[in-house]
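S.K.: My questions concern the predicted model and sequence given below.
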Amino acid sequence: MPKIVPIKILKTMKEEYEILKLGNPILRRTAKEVSKEEILSENIQNLIDDMWNVMEKAGGIGLAAPQIGISIQLAVIKLESSSDRYENLEDSEEFIIFNPELEVINSEKQGFWEGCLSVPGLRGYVKRPKKLKISYLNEKAEKKEVIVEDFLATVFQHELDHLFGYLYVDRLDSTKDLVFEDELVNITKDKILD
Ligand SMILES: [Zn+2]
């Protein structure tokens, strides 16, 4: 596999990461897998820290590397009960996910109003399978498996979609399920995610 992230790119981008928005072609690529050696490199370890910082600053609960212009298979997820933006969330552990594989365990679908830092201002009601098994490598390049369900299952599918060139708008049944977040307040108090 070719080297994926030249050191100089990470260093020049490090000071200020910009969150890419819908329309940027990087969001539509299948991101590259990351080798174990690369995961353990200083570059990628620093990138993980940067991703947590960018996510926290933006008030999100998940972030995928392509959203900051780095087309590799890396996403971070952490649900926070203290979040001002989201109601009724339970704290989750911190997930650092490389090279994920998703297996649907329960294909029955559940819907949530999703948002995305790459699609600012909008929300969409998306129905996705409610229970999955995710296999991935963690930040120590160890193989991990986790069973996710309920809202966390949707968050995983949303974030991992980013690694394969998909956004939640692709998962809408109808464009009628796409609204501005200002209007959503009038429709529902269901959970939303960024
Ligand atoms: Zn997103």
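M.R.: Arrived safely.
S.K.: Next, count neighbours for F180.
M.R.: Neighbours of F180 under the rule other Cβ atoms under 10 Å: 10. For every residue, glycine as well, the C-beta is placed using N, CA and C.
S.K.: Surely it touches G121?
M.R.: Yes: F180 lies in contact with G121 (Cβ atoms under 8 Å); the separation is 5.9 Å.
S.K.: What helices and strands are in contact with the longest helix seen in the chain?
M.R.: Taking DSSP state H as the criterion, the chain has its longest helix at helix 42-58. When contacts are defined as 3 or more Cβ pairs under 8 Å, 6 or more residues apart in numbering; DSSP states H and E, helix 42-58 sits against helix 7-14, strand 62-64, strand 74-77.
S.K.: And it, how far out from the chain middle?
M.R.: The chain centroid and the centroid of helix 42-58 are separated by 13 Å, computed with Cα atoms, centre = their mean, to the nearest Å.
S.K.: ok, now stretch 49-63?
M.R.: On the basis of Cα atoms, centre = their mean, stretch 49-63 sits 10 Å off its chain's mean C-alpha point.
S.K.: tell me the mean pLDDT over it?
M.R.: For stretch 49-63, mean pLDDT is 93.
S.K.: Ok, stretch 90-105 next?
M.R.: Mean predicted confidence for stretch 90-105 is 94.
S.K.: Pull out the buried positions in that stretch.
M.R.: Neighbour-count burial for stretch 90-105 flags S92, F95, I96, I97, F98, N99, P100, L102 (criterion: 16 or more other Cβ atoms under 10 Å).
S.K.: returning to that earlier point: with only the CA atoms kept, save the longest helix of the chain in CSV.
M.R.: Once non-C-alpha atoms are left out, helix 42-58 reads as follows in CSV (Å, rounded to 0.1, in the frame of the first residue of the first chain):
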residue,chain,number,x,y,z
GLU,A,42,3.9,10.1,15.5
ASN,A,43,2.0,11.7,12.7
ILE,A,44,-1.1,9.7,13.1
GLN,A,45,-1.0,9.8,16.9
ASN,A,46,-0.8,13.6,16.7
LEU,A,47,-3.7,13.6,14.2
ILE,A,48,-5.9,11.7,16.6
ASP,A,49,-5.3,14.4,19.2
ASP,A,50,-6.1,17.1,16.7
MET,A,51,-9.3,15.3,15.7
TRP,A,52,-10.5,15.3,19.3
ASN,A,53,-9.7,19.0,19.5
VAL,A,54,-11.5,19.9,16.3
MET,A,55,-14.5,17.8,17.2
GLU,A,56,-14.8,19.3,20.7
LYS,A,57,-14.4,22.9,19.3
ALA,A,58,-17.1,22.3,16.8
